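In: Got a predicted structure here, sequence first:
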Amino acid sequence: MRRYALIRTLSLLPTLLGVTVAVFLMIRLIPGTIVDQMIGTEGTYSEQTVRALKTFFGLDAPIHVQYGRWMSAVVRGDLGTSWRTGIPVLEMILSRLEVTAELTLLAMLVALAVGIPLGILSARRENTALDHLARVASLFSLSIPVFWQATMLILAASLWFGWAPRVDFVSVWVDPVGNLAIMALPSLALGTAVAAVFMRMTRSSLLEVMREAYIRTARAKGVSEKIVVWGHALKNSLIPLITVAGAQVGYLLGGAVVTEEVFTLPGVGRLILWAVFQRDYPLVQGTILFISALFMLSNLVVDLVYGAVDPRIRYG
Amino acid sequence: MAEASVGTGAPAAPGQLGRASEGWRSSLRPALRNRLVLFGAGIIALMAVLAVFAEVVAPYDPTEMKVVDALKAPSRAHLFGTDRFGRDVLSRTIHGSRIALGVSLSSIAMALAVGSVLGLIGGFVGGWSDHAIGRVMDILFSFPTLVLAIAIAAMLGPGLSNAVLAIAVVYAPLFCRVARGPVIAERAKEHVAAAIALGAGSPRVIFRHILPNVLAPLIVQGSVALAFAILIEASLSYVGLGTQPPDPSWGTMLNEGRTYLETAPWVSIFPGLAIMLAVLGFNLLGDGLRDVLDPKLRGR
């Protein structure tokens, strides 16, 4: 297992390097630099000032040198400084990470708590009215855009309970109840679509496992249906869910951008949008790299967990 | 059997076309019997008709402002009400279907063309090119979908055509992977070896002998990706990076309706319902196509 973990971790490095190149080039392909923005269109600055500004921002060097400088800073944990605020990018990200991490985690919990039991129920009652209802509901869930669902939840909460989202965010460490009151609706809005994915996956996987020979054998031996499902089938049918959960982390991180925007939550997702509209390129670059690295890390964890749970993976 | 030729077998010879189309009809039958699939196809067909005949069907000009009619509740004159500029929400929703379908079809067509060609080349040629294509796709897969779309849209600048390009880049890796696997399996088959032995060039072997046999998974993924493309376009427009006002994109309309959520909820409700229906239509269709083209998964 240790060897598998090491190989899997090392194989991540070339991709991570590729991601840094992609993020770096993405920003460099945007027409205009900070110097162009500073001098504007009036052109009142002398050639010498422009050259000095380019040197100051490191834009005078060839692109591979710029990448080398940027990368050597990145590996030291320096993602640059925000052009708009003058605050280090990493500091800005870390100060908002708690919100995004909590939102993603709670949404995942909502998805697991709703999706898996519904999937089991749906599979156990295959082709009944309940099964059809659950499948149709899951298709509806997958079809609702997260920001519209969030908007409708706000509308319903405001009409029926006179509730409006709080503008001031409180940390879970300061006021856990107040924090939960703020995070409940966003997590619900973000987690519903993932719950539908889990429901469909659990149902399909359980149905497949229930047709396996070892289940037939257990039944032939007279084992009760309850033990067949809960003791034999369920554990194996939930293994593919690990991979699905890993893929859904990407959806949740992307969905967090719009969910934070709708509920005005001060997370990394909203920071990306702010940076984009402020044309704060070091911040755009830093936040996108950070989120992608987080996604890759979650995929690595999923692979390692999968390897630990299913020996066929690590010896395959 | 059409199912066999779709999934695994050799392409149909010209003389077999009659039988092949008969086979297609018989394999389509389970999907056509499924009322949900028909419902999905009906939604898409209705949206397509609305999109094509938007000028005729919509009661008002979608961009015409009448400030005296601002934020009017749904009535006979305005079935879906009006927005803050007095524009008819129904007309804007109808015209929005043109943008939603246009963006999703064009972006997924681009992604399908580029992604599957890269997958076909990688899978068929193998070696260094396969490795290079695979690594680039791995890099694109390392970004959360919406974050990548936002990054590309931000790089290119807000706008409809840039949103199309952003969605195409996001989905091309998916089609590349979906195409590559079956190509490797097809390459090892006798009919491909026979074509190569007869002197057929690589492009001919790929497009004539391999592509028809790997189309099934691509079509299924395409229909599901269309649903997600609508969601991504709406999300980009919602955050201000997709369609720009006054063009009536459903996402833009939802963003504009946010401010008036309590006083004029209809501005937000109807475009949202339209997005949901369109995505549901493609999802149902995707499920049905998957049942037809991959019978092993039927009913799962």
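Out: Yep, it's here. Numbering: from 1, shown residues only, chains lettered A, B, ... in the order given.
In: Quick check on the residue in chain A sticking out farthest from the centre: phi, psi?
Out: When distances are taken from the C-alpha mean of chain A, A:S46 lies farthest, 45.8 Å away, according to CA atoms, centre = their mean. Note on A:S46: its backbone torsions stand at phi -80, psi 160 [degrees, to the nearest 10].
In: Could you measure from B:Q221 over to chain A?
Out: According to CB to the nearest CB, to the nearest Å, B:Q221 stands 14 Å off from chain A. Glycine gets a C-beta too; all of them are placed from N, C-alpha and C.
In: can you count the residues close to that residue?
Out: 24 (other CB atoms under 10 Å in any protein chain shown).
In: likewise A:I30?
Out: Neighbour count of A:I30, defined by other CB under 10 Å: 14.
In: Double-check that it belongs to a strand.
Out: No. Assignment of A:I30 by DSSP: H, G, I helix; E, B strand; the rest coil gives coil, placing it outside any strand.
In: What residues does the closest residue to it other than its chain neighbours make contact with?
Out: Leaving out its chain neighbours, the residue that sits closest to A:I30 by CB to CB, 6 or more residues apart in numbering or on different chains is B:M155, at 5.2 Å. By CB atoms under 8 Å, 6 or more residues apart in numbering or on different chains, the residues touching B:M155 are A:26-27, A:29-30.
In: which of the residues you listed count as buried?
Out: The neighbour-count criterion (16 or more other CB atoms under 10 Å in any protein chain shown) marks A:26-27 among the contacts of B:M155 as buried.
In: Next up, the contacts around A:G178.
Out: A:166, A:170.
In: again, only using 7 Å
Out: By CB atoms under 7 Å, 6 or more residues apart in numbering or on different chains, A:G178 lies in contact with A:V170.
In: do A:E47 as well
Out: By CB under 7 Å, 6+ apart, the contact set of A:E47 is empty.
In: Need the pLDDT of it.
Out: Note on A:E47: pLDDT of 80.
In: what's the pLDDT at B:V6?
Out: Among the per-residue scores, B:V6 shows a pLDDT of 33.
In: Once you drop chain neighbours, what's closest to the residue of the stretch 201-316 of chain A found nearest chain B?
Out: Across the stretch 201-316 of chain A, the shortest distance to chain B (CB to the nearest CB) belongs to A:G254, at 2.9 Å. Distance criterion CB to CB, 6+ apart; nearest residue to A:G254, sequence neighbours excluded, is B:L146 at 2.9 Å.
In: what's the helix or strand where the residue of the stretch 201-316 of chain A closest to chain B lies packed up against?
Out: Here A:G254 is covered by helix A:239-262, with elements defined by DSSP states H and E. Counting contacts by 3 or more CB pairs under 7 Å, 6 or more residues apart in numbering or on different chains; DSSP states H and E, helix A:239-262 packs against helix A:89-124, helix A:146-161, helix A:176-210, helix A:268-277, helix A:281-309, helix B:145-156.
In: pLDDT of that helix, averaged?
Out: The model assigns helix A:239-262 a mean pLDDT of 90.
In: Ok, stretch A:175-183 next?
Out: What stretch A:175-183 shows for mean pLDDT is 92.
In: buried set for it?
Out: A:179, A:182-183.
In: Chain A against chain B: which residues are in contact?
Out: Proximity of chain A to chain B, by CB under 7 Å from any CB of the partner chain, involves residues A:14-15, A:18-19, A:22, A:26, A:29-30, A:139-140, A:142-145, A:147-148, A:151-152, A:154-155, A:158, A:204, A:207, A:250, A:253-255, A:257-258, A:261, A:272-273, A:276, A:284, A:288, A:291-292, A:295-296.
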